[in-house]
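Asks: A structural model of the following input is requested.
(2 chains)
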Amino acid sequence: MEMVQIAVVVVILLALVKPLGTYVYHVFSNEANWTDKVFGPFERLLYKFIGIKNRDGMSWKKYALSFIVTNLILTAAAYLLLRLQWIHLFNPNGMEGMEATLSFNTVISFITNTNLQHYSGESALSYFSQMAVIMMMMFTSAATGFSVAIAFIRGLTSRGQTIGHFFEDFVKAHTRIFLPASFVITLVLVALQVPQTLDPTLTVKTLEGAAQQIAIGPVASLESIKHLGTNGGGFFGVNSAHPFENPNPLTNVIEILSMWVLPAALPYTFGRFAKSKKQGWVIFSAMMVLFLVCLTTVYAAEKAGNPVFGGLGIDASQGSMEGKEVRFGIAGSALFTAVTTAATTGSVNNMHDTLTPIGGLVPMAEMMLNVVFGGKGVGLINMLMYAILAVFLCGLMVGRTPEFLGRKIEPREVKLIAVAILAHPFIILVPTALALLTDAGRAGITNPGFHGISQVLYEFASSAANNGSGFEGLGDNTTFWNISTGLVMLLGRYISIIAMLAVAGSLLRKQPVPETIGTFRTDNALFTGLLIGTVLLIGALTFMPAVALGPIAEYLTIR
Amino acid sequence: MRTNAFAATAGNKPDSSGSILWQALRSSLVFIVLCGVVYPLVSTGAAQLLFPREANGSLVKDGSGQIVGSALIGQPFKDPKYFQGRVSSIEYNAAGSGSNNYAPSNPALLERVNTSIAQWRTENPDVPIEQLPIALITNSGSGLDPHITPQSAAVQIPRISKLTGLDEAELKQLVEVNTEGRSLGLFGENRVNVLKLNLQLADRLAGKSTAPQVKG
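Replies: Got it, this is the predicted structure:
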């Protein structure tokens, strides 16, 4: 039964990829189609408000500048709102202003689509902050990532045209995807018992007569965009493990699918742009194969349970239930874990810190590879980056100039890709080493032994991959952790995005080379294999030593 | 006319970084209002209109109409005559969800589990620990898990029967009534809502204790 429910979710996902991928293509292809009729009038109103007179394509530099400036303004506004929380409306629980380094960490976390949370929502945020800071940034950061991914795809696929107009993409991502979808999912979640209210924290008298405080609020409207936008920051401290955020197995499936479906559909959208659906499926398959390996591993490890409990004589046949919820069980928890770190959402329905060593290795590995579906757009960008790299490596082996989608891959592109690929391990491993070397860093560690190393490694992998989940035991609301992870999140988001926009800009200017019999094909199963090989080779070479010190060493000590 | 021609070219020239700043400012404002204020408030209005019970936390009342908690949020049950929920390091404080996040290798985890087992032995001498399910003595992720597994309820029946005088068969039936199946027969796990179960148990006990009093 457990395997069946996992399989059913995967099948539903597969069925959604094509229709949704097609829809996204229609939204962003800028060719006239039915979506214009529905959303056009409202969008024209927004363009007017924003002051966009024409929507001619931008150069990659202008596109990058536009999204960076917009992100900067949103970040500044959000920072102010958090600091000035005490004067807000919608603050029935009387929250005070947020501390400076924590505010710094929080706004970066949300604008970079990471949603690492060093605060706990029920004790640190007013409802106004949950809405105007958290929900707002969940939309805008997802829309930013989505826009950039589309721009990158255009650069790779369109012949001598532009990568698009940032503000037009940004508006459309909101109006045609995130806002309507979030509203519908919000109502579905409320129907399935997720609260949505502006009333303050409840106090009830329990059956035994004690007083119980129950934090509540506008949860559902955050929950829907949290997953659709692969954001992942919870309304409450324990995220989707909280019964108000994720009250039953159906909401669990809805949340899994809503964070998974857009990243999974993007490769298909890419195939449509590239006028080669096969090319889209090749990328999708590589992601899916890696995902299934991860999913199987985490499920098997959690089902096998914690070996430490083996000798106690209790009935431990259910698997490792520490940190998990009864309503989801092992299957619903393992699937959520595999999807949330693949799609770099970072919401959790079970505590990753309590996962068995090999179970915990899986989300860590997915964030280190950062290409298994990936967050809003960025995962596809990373996978395409690896695709170009795979083409380059194959080109070296056979002694030909590598080509991808009819463009020559030359030193400029390979250099930019090298920067992006090397940045990721650099901003994980160097800060990890620094944290382990300093008292301020080590002070956060709460679990002894090798698992402590895993806690640190996980935190920076999560920040760099803009995932946002954590080995949550880590005591991370300190100046050291707020600032260090804040910087890693910034670098993790913007270095690769800017480098890849530059690659898109440079590919756009190239003369297409005609396809010949000697052209290395990138739209077949062989290339899927090569792509997976490239990802694993680079990932394993880079991260194996660090992983051996953390989860693998812990596994060996308790098995 | 020269000035007009100049204005026209300036209007057509979207490349100045000043215009980017201006557009970025205005679009930020638009989406702060749209996504941060309009969307959540409209959602709240619609939710309150369509699903008022669910939108307000699925509160549960006892027989006398008094609100005793939320069906979704677990409660601590200290009295051994009630069914016990899972371990919660936060004592089911639903204003501060969380857990200790013990790693599988953390000695504190083993220590806590051993304490639970020892406590089980004293409170449930009739049920051997081979039957004690792991879910009952592990900390849920939220610390607020409202459910236990059906097996976790079943192993508590002998103790509760002894303490309350209620028939084991009656208690078994009570557990069955309060067992929720998988959603759509497929997703999630079978589970028992501890608060709902104990509410009905309390009703039975109230009925039972008043009955003899009337006789006496």
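Asks: in chain B, which segments are predicted with low confidence?
Replies: Low-confidence segments of chain B, defined by pLDDT under 70: B:1-18, B:208-216.
Asks: Give me the phi and psi angles of the closest residue to chain A within it.
Replies: Per Cβ to the nearest Cβ, residue B:188 is where chain B lies closest to chain A, at 2.5 Å. The way it works is simple: take the backbone N, C-alpha and C, and place the C-beta from them, glycine included. Here is the backbone geometry of residue B:188 (degrees, to the nearest 10): phi 80, psi -160.
Asks: Number of residues surrounding it?
Replies: 25 (other Cβ atoms under 10 Å in any protein chain shown).
Asks: residues in contact with it?
Replies: Going by Cβ atoms under 8 Å, 6 or more residues apart in numbering or on different chains, residue B:188 touches A:5, A:248, A:249, A:250, A:252, A:327, A:328, A:329, A:332, B:182.
Asks: Tell me, what's the model's pLDDT at the closest residue to it other than its chain neighbours?
Replies: Of all residues not flanking residue B:188 in the chain, residue A:249 sits nearest, at 2.5 Å (Cβ to Cβ, 6 or more residues apart in numbering or on different chains). We have a pLDDT of 97 for residue A:249.
Asks: Strands of chain B, residue ranges please.
Replies: Counting by DSSP state E, one finds strands in chain B at the ranges B:59-61, B:67-70, B:147-148, B:179-180, B:191-193.
Asks: Ok, which of those comes nearest residue A:138?
Replies: Closest approach to residue A:138 among those (Cβ to Cβ): strand B:67-70, 25.4 Å.
Asks: now the strands of chain B as a markdown table including mean neighbour count and distance to residue A:239?
Replies: Output for those, formatted as a markdown table (neighbours: other Cβ atoms under 10 Å in any protein chain shown; distance: least, Cβ to Cβ, whole Å):
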| stretch | mean neighbour count | distance to residue A:239 |
| --- | --- | --- |
| strand B:59-61 | 16 | 23 |
| strand B:67-70 | 22 | 18 |
| strand B:147-148 | 29 | 18 |
| strand B:179-180 | 17 | 23 |
| strand B:191-193 | 25 | 20 |
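Asks: can you list those strands in CSV and add distance to residue A:86?
Replies: Converted to CSV, these look like this (distance: least, Cβ to Cβ, whole Å):
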stretch, distance to residue A:86
strand B:59-61, 30
strand B:67-70, 29
strand B:147-148, 38
strand B:179-180, 42
strand B:191-193, 38
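Asks: Residue of chain A closest to chain B, please.
Replies: As assessed by Cβ to the nearest Cβ, chain B sits closest to residue A:249 within chain A, at 2.5 Å.
Asks: From residue A:117, how far out is that residue?
Replies: Distance from residue A:249 to residue A:117, counting by Cβ to Cβ, to the nearest Å: 25 Å.
Asks: Comparing those two, which residue is more hemmed in?
Replies: Taking neighbours as other Cβ under 10 Å, residue A:249 and residue A:117 compare with residue A:117 leading, 28 against 25.
Asks: Just confirm that one contacts residue A:235, I think it does.
Replies: No. Using Cβ atoms under 8 Å, residue A:117 is not in contact with residue A:235, being 10.3 Å away.
Asks: got a list of what the residue most central in space within chain A touches?
Replies: The centre of chain A sits closest to residue A:344, judged by Cα atoms, centre = their mean, with a distance of 2.4 Å. By Cβ under 8 Å, 6+ apart, residue A:344 lies in contact with A:113, A:230, A:232, A:367, A:370, A:374-375, A:378-379, A:465-468.
Asks: Wasn't it part of a strand?
Replies: No. Residue state for residue A:344 (DSSP: H, G, I helix; E, B strand; the rest coil) corresponds to coil; a strand is not indicated.
Asks: Test my guess that the residue nearest to residue B:188 contacts residue A:325.
Replies: No. Counting by Cβ under 8 Å, residue A:325 is not a contact partner of residue A:249; they are 10.0 Å apart.
Asks: OK, contacts around residue A:104?
Replies: Residue A:104 sits next to A:79, A:482, A:483, A:486 when contact means Cβ under 8 Å, 6+ apart.
Asks: residues of the helix ranked longest in chain A that come out buried?
Replies: For chain A, the helix that runs over the most residues, judged by DSSP state H, is helix A:479-508. Counting neighbours by 16 or more other Cβ atoms under 10 Å in any protein chain shown, one finds that the buried residues in helix A:479-508 are A:480-482, A:484-508.
Asks: same deal with stretch A:54-63?
Replies: Neighbour-count burial for stretch A:54-63 flags A:55, A:57, A:58, A:60, A:62, A:63 (criterion: 16+ other Cβ under 10 Å).
Asks: Could you look up the SS state of the first one?
Replies: What it means is residue A:55. Applying three-state DSSP: residue A:55 is coil.
Asks: now swap in the third one and tell me
Replies: The assignment at residue A:58 comes out as coil when based on three-state DSSP.
Asks: From residue B:23, how far off is it?
Replies: Taken as Cβ to Cβ, the span from residue A:58 to residue B:23 is 11 Å.
Asks: same thing with the first one?
Replies: Distance of residue A:55 to residue B:23, given as Cβ to Cβ: 11 Å.
Asks: Give me the common contacts of those two.
Replies: Applying Cβ under 8 Å, 6+ apart, one finds that residue A:55 and residue B:23 are jointly contacted by residue A:167.
Asks: Would stretch A:155-175 count as contacting chain B?
Replies: Yes. Shown here: stretch A:155-175 in contact with chain B (Cβ under 8 Å from any Cβ of the partner chain) through A:167, A:170, A:171, A:174.
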